[in-house]
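Participant: make a model of this:
(one chain, ligands or ions: 1)
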Amino acid sequence: MPFCPKCRCEYRAGFTECADCGVGLVDTLPPAPQPGDLDKAVFKPVRSYPSRIHAEMVQEALTNEGIPAIIRGSEIFGTGTGLTEPSPPKLILCVPEEQMEEAALIADGIVDPL
Ligand SMILES: [Zn+2]
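Facilitator: Numbers count the residues shown, from 1 in each chain. Sure thing, here's the model as predicted:
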């Protein structure tokens, strides 16, 4: 079956162009892009903190030690279903998987984890 590579619509055999997009159809769709997959594959959560001040303090210390750290907010983890009370704000510090142990040691030396 031909597919439109732009809007991913499936067409019947015989069509060569997407009616909506005006682009040529392809036989197989490229894999759907997965935003954030790269980050998830590389960075793992190592500690969480109740405030940005704490998280950034640890992040800075890790960066000084040559460990790239990113901070993620708890709001991305599917709150807002309406089934549960909103959880308190939480910031999750993520580092490359292979540096998790080292990062945890450094982090715990600076701020108590949540
Ligand atoms: Zn299309």
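Participant: CA only for contacts and neighbour counts going forward, please
Facilitator: OK.
Participant: the biggest helix by length in the chain packs against which elements?
Facilitator: Ranked by residue count, the top helix of the chain under DSSP state H comes out as helix 52-64. For helix 52-64, the packing partners by 3 or more Cα pairs under 8 Å, 6 or more residues apart in numbering; DSSP states H and E come out as strand 70-73, strand 91-96, helix 100-110.
Participant: report the angle between it and strand 91-96.
Facilitator: 10 degrees (axes from the mean of the first three to the mean of the last three Cα atoms, to 10 degrees).
Participant: tell me the buried residues in helix 52-64?
Facilitator: By 16 or more other Cα atoms under 10 Å, the buried positions in helix 52-64 come out as 52, 54-56, 58-59, 61-62.
Participant: need the CA coordinates for it. CSV is fine.
Facilitator: What follows is helix 52-64, C-alpha atoms only, in CSV (Å, rounded to 0.1, in the frame of the first residue of the first chain):
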residue,chain,number,x,y,z
ARG,A,52,14.8,23.9,41.6
ILE,A,53,17.4,25.4,43.9
HIS,A,54,18.5,22.0,45.2
ALA,A,55,18.4,20.4,41.7
GLU,A,56,20.4,23.2,40.2
MET,A,57,23.0,23.0,43.0
VAL,A,58,23.5,19.3,42.3
GLN,A,59,23.5,19.9,38.6
GLU,A,60,26.2,22.4,38.8
ALA,A,61,28.3,20.2,41.1
LEU,A,62,27.9,17.3,38.6
THR,A,63,28.8,19.5,35.7
ASN,A,64,32.0,20.6,37.5
